[in-house]
Structures are given as C-alpha cells and as structure tokens.
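Asker: Quick one: sequence plus predicted model below, questions after.
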Amino acid sequence: MALKDQSVTIIGAGVAGLALARALALKGARVLVMEQADAIREVGAGLQISPNGAQVLRALGLGEALEAASCRAEAVELRDGFDGDLVTRLDVARLRPDQGWHFLHRADLVGLLLEGAKAAGAELRLLQKLRRVDLSGPQPVIETCTGAQEPAPLLIGADGLHSHTRIALNGEAKPFFTNQVAWRALVPCDPAEPNVAEVHMGPGRHLVSYPLRGGTLRNIVAVEERRRWTEEGWALRDDPMELRLAFEAFSPRVRGWLDQVEDAWLWGLFRHPVAKTWYRVLPEGAVAILGDAAHPTLPFLAQGANMALEDVWTLASMLDRHGTAGLVAYQVARARRSARIVTAANRNARLYHLGGPLRSIAHLGLKLGGRIAPGAALSRFNWLYDYDVTKLG
C-alpha cells in the first residue's frame, strides 16, 4: 500500500478534510489536519446526505454514526409557494427502500467525522491560518500568517471555496454573482412532523425546509433573485423581517415558519468555475484539491457534501494504489461527474423560479407525471443517486 507511513497534510477541517483524514489514516498514512479556527464549533445549518454520499460514510465505518445523527427522509415534496398545494411528491423511502436520504445538522456531520478521524489516528492542529501555499520549490510549502513555513511532502487542500491550494494550482478565479441570495435559519419543529423535505416554489424565489435532530429543529434555506450585489460568505447577519417580506405572498405554512425566525444569515450566491487543475506532482512531493476547493456548486441539488465524500473515496483509493502517480486518475475520475452535478444544480434553480405561463405549464406537467408514473421524476436522477463510488475503486 503506497500510503503506509506516508506523511499527509490536509488543509481544512470541514466535511472533505475530516473524511479524507479518516480515509487516509485507515490506510496507514500519518495524517495532520490544519484548521484555521481555534475550535471545531457548531456552525452552519442543515445539509442532506443522499445515497451516493451515504455509501462513502458506510464504507468508512461511520454508517451507525450517520444513522444516529440524522433524520431519515421519507419524501421530497415540491409545492406551490403561494397556496402550498402539492405539485409532486418523490417518495424516496417507498420507492428506494434500500437507499437512505439523511437530513442532519452540519455540525453533527463534522462532529462524527472528527471523532472518526481521531479514532483512526489523525492529528488535528488548530489556529493554523494560512497566508499562502507555495509550489515553487521541490515540494509544497505552507506559509502561515505568523510567517512560519512548513514543508508538506503530500499536501491536500480541503480548504473550501476560497482555497489557498486552489489558487496555488490555478491562480485567482473570477466568480460572478448569480443575482440570487440565500437566507438560512433554524426554527423549532414538532417531532411529530414527517421527515419530508419541502420545496415551496414561486416566481423568482423558493424555500426549502426539512427537520433536523430528531425533528426538534427545522432547517430553512430561502432563495430570492435580486439585482443588487451581496457579499459572498456565510457570516452576514440579516434582519429576519427582510426574509419575511421576501416571502410575504407565500402560504400560511411558510409564513408561520418565518415568523419564528430569530436569527437569519444571508449570503450571496456566486458561480465559481470548476478548477482546471486538481493536482501537481513536484520533484519531492505533490499537492491536490477536493470538495469545494475543486468544484464549488450552488446549493440547489444538495450535493456539496456528497460530492466531497465521493472525492474522498476516489482520492484515497488512487493514492493508496498508485502513490502520487494516481493523482491524474483521480482528476480524470472526478472532473466530468463533478461538472455534470454543478450543471444540474444550476438548472434546478431555474426550474424552481419559473413565473407566468411557463410556471403553470411546468407545474401541471409535474402533477400529471406524478400521477401517471410516480417514480419517473426520481429516476431522472438515477445517474446521481445510484452512483456508488466505493464499488468503482
């Protein structure tokens, strides 16, 4: 095994970084995870782990932890935002009983991955704020904001949307504003509510909601089209009244949720290109990127974490089989599929926001299709959800 006793440095202790730390440590690597924060805190809100991501967590020995931390989805419902009427329902639990869709708090996923990484022997080092990644020498060098320089024979950038590692490989990217902003919020939920993801659709806006933590919390992500620019990032606190006003024409059910919002976080949605270069082999080392550092995606297909988990399995497998020579196969294996998912997510946003006659026609088509062939809408995404990267290598 090429990874046996190999020193690996991972930048970033998010979903991608911690999952990779466990995967590599289980294969015998000596893994260091460098994280800029002073602690792994409860940040973010809800996310969805679909079957393609769940397969990786099970293969990493974290299946039981996933089940304990998540709510198993029964269905996904698309609803008319104004009156709340059902447009179509995807009964994932009934149609795909052998697969699992999971709703969980991002902090709970990060927590179980952190425990898994530590249990496998990975080391976590906090307060490691990076200034840059230097690839000009024989091996990668990490330069921190304190001026320290640390060589890293095998460096993996899991450092997210504003990745220093991606910049070192590809140069600065030029993202563009999509003319969409998103709010995220958590409100109390009745545990008796079904474990259903609801998508409430209206012209130029939509709202997604599903339960978390045993049904005690409700996750809300609300998206609105607007022309004015909003800064990119997750930490912009907004007045909850702005969120309520944006969806004041929606159904009483939606307005009831929004009336409970006390803290609303707003971020602008920007499109970043899929990276052209995912790795580089140097005379005495190598570097690679994965997750959002390689292929940032908009949230309209709930695949960010799942894509990262697929990357983790592929990267760990290729490195273990072929050493750094496997990095070319890693990019080849992941780039096309990642680009397809990013494109599908972009398309979903347009479908949710239809207005005028197109909206009526589309909703009627979905309703008729759901009655005639209940599984057809879900089967359109077989290429996404039925994909099991753990069987491919």
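Answerer: Yes, it's here.

Asker: helix/strand/coil for Phe177?
Answerer: Secondary structure for Phe177, judged by DSSP: H, G, I helix; E, B strand; the rest coil, is strand.

Asker: tell me which residues of the helix or strand Ile220 falls within are tucked away?
Answerer: Element membership for Ile220 (DSSP states H and E) is strand 217-225. Residues of strand 217-225 classed as buried by neighbour count (16 or more other CB atoms under 10 Å): 217-224. Every C-beta, even on glycine, is put in place using the N, C-alpha and C of the backbone.

Asker: contact partners of it?
Answerer: Applying CB atoms under 8 Å, 6 or more residues apart in numbering, the contact partners of strand 217-225 are 45-46, 103, 105, 179-189, 193, 204-212, 243, 246-247, 257-258, 261, 269, 299-300, 349, 352-353.

Asker: Would you give the sheet partners of the helix or strand following it, along with the direction of each?
Answerer: Using DSSP H and E, the helix or strand that follows strand 217-225 in sequence is strand 236-238. Strand pairing for strand 236-238, determined by DSSP bridges: strand 264-271 (antiparallel).

Asker: what about the helix or strand following the partner strand, average pLDDT?
Answerer: Next helix or strand after strand 264-271 toward the C-terminus (DSSP H and E): strand 279-282. When pLDDT is averaged over strand 279-282, the result is 98.

Asker: Direction included, what does strand 279-282 pair up with?
Answerer: strand 285-289 (antiparallel).

Asker: Could you tell me which helix of the protein is the longest one?
Answerer: Using DSSP state H, we find that the single longest helix of the chain is helix 327-352.

Asker: list the helices and strands that one packs on?
Answerer: Judged by 3 or more CB pairs under 8 Å, 6 or more residues apart in numbering; DSSP states H and E, the packing partners of helix 327-352 are strand 279-282, strand 285-289, helix 304-322, helix 382-385.

Asker: Enumerate the positions of that helix that are buried.
Answerer: Across helix 327-352, burial judged by 16+ other CB under 10 Å covers 327, 329-331, 333-335, 337-338, 341-342, 344-345, 348-349, 352.

Asker: Near Lys391, how many other residues are there?
Answerer: 8 (other CB atoms under 10 Å).

Asker: Please report how far it lies from Glu64.
Answerer: For Lys391, the distance to Glu64 (CB to CB, to the nearest Å) stands at 21 Å.

Asker: List of residues touching the helix or strand hosting Leu32?
Answerer: Leu32 belongs to strand 30-34 when elements are defined using DSSP H and E. Strand 30-34 is contacted by residues 5-13, 17-18, 21, 24-25, 117, 120-125, 128, 130, 142 when judged by CB under 8 Å, 6+ apart.

Asker: Could you identify the helix or strand that succeeds that strand?
Answerer: Next along the chain from strand 30-34, counting by DSSP H and E, comes strand 46-49.

Asker: ok, then the element right after that next one?
Answerer: helix 51-59.

Asker: Can you tell me the centre-most residue of this structure?
Answerer: Gly304 (2.2 Å; CA atoms, centre = their mean).

Asker: and the gap between the closest residue to that residue other than its chain neighbours and Leu217?
Answerer: In space, and not counting its chain neighbours, Gly304 is closest to Thr297: 5.6 Å by CB to CB, 6 or more residues apart in numbering. Note on Thr297: its distance to Leu217, by CB to CB, is 24 Å.

Asker: Show the pLDDT at the nearest residue to Val274 once chain neighbours are set aside.
Answerer: Spatial nearest neighbour of Val274, excluding adjacent residues (CB to CB, 6+ apart): His295 at 4.6 Å. Looking at His295, its pLDDT reads 96.

Asker: For His295, grab phi and psi.
Answerer: phi -150, psi 70 (degrees, to the nearest 10).

Asker: Relative to Asn382, which of the buried residues of helix 327-352 is nearest.
Answerer: Ala344 (12.5 Å; CB to CB).

Asker: what's the pLDDT at that closest one?
Answerer: 91.

Asker: Let the chain start at 29 from now.
Answerer: Yep, numbering from 29; the last one is Ala372 now.

Asker: pretty sure it is in contact with Tyr413, am I right?
Answerer: No. Contact criterion CB atoms under 8 Å: Ala372 and Tyr413 do not qualify, at 11.6 Å.

Asker: returning to what we had before: now, the most widely separated pair of the buried residues of strand 245-253?
Answerer: For the buried residues of strand 245-253, the farthest-apart pair by CB to CB is Leu245 and Glu252; their separation is 22.7 Å.

Asker: The stretch 129-278 of the chain: strands as residue ranges?
Answerer: If DSSP state E, counting those that start in this stretch is used as the criterion, the strands of the stretch 129-278 of the chain fall at 130-133, 151-153, 158-162, 169-172, 177-179, 182-185, 204-216, 224-230, 233-240, 245-253, 264-266.

Asker: Output the ones you listed as a markdown table; include the columns mean pLDDT and distance to Tyr307.
Answerer: Formatted as a markdown table, these follow (pLDDT from 0 to 100; distance: least, CB to CB, whole Å):
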| stretch | mean pLDDT | distance to Tyr307 |
| --- | --- | --- |
| strand 130-133 | 96 | 30 |
| strand 151-153 | 95 | 23 |
| strand 158-162 | 94 | 13 |
| strand 169-172 | 94 | 16 |
| strand 177-179 | 92 | 18 |
| strand 182-185 | 98 | 9 |
| strand 204-216 | 93 | 26 |
| strand 224-230 | 95 | 35 |
| strand 233-240 | 96 | 34 |
| strand 245-253 | 95 | 32 |
| strand 264-266 | 82 | 33 |
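
Asker: out of those, deepest packed?
Answerer: strand 182-185 (a mean of 28; mean count of other CB atoms under 10 Å).

Asker: Just the ones of the contacts of strand 58-62 in helices?
Answerer: Using DSSP H, these in helices are 45-46, 49, 52-53, 145, 148.

Asker: Whichever of the residues you listed end up buried, select them in ChimeraX.
Answerer: Restricted to buried positions by 16+ other CB under 10 Å, the ChimeraX selection for the ones in helices among the contacts of strand 58-62 reads:
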select :45,46,49,52,53,145,148
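
Asker: Quick one: the ones in helices among the contacts of strand 58-62 as a markdown table, columns for pLDDT and distance to Val302 too.
Answerer: Output for the ones in helices among the contacts of strand 58-62, formatted as a markdown table (pLDDT from 0 to 100; distance: CB to CB, whole Å):
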| residue | pLDDT | distance to Val302 |
| --- | --- | --- |
| Gly45 | 98 | 19 |
| Leu46 | 98 | 23 |
| Ala49 | 98 | 24 |
| Leu52 | 98 | 24 |
| Ala53 | 98 | 28 |
| Ala145 | 98 | 27 |
| Ala148 | 98 | 30 |
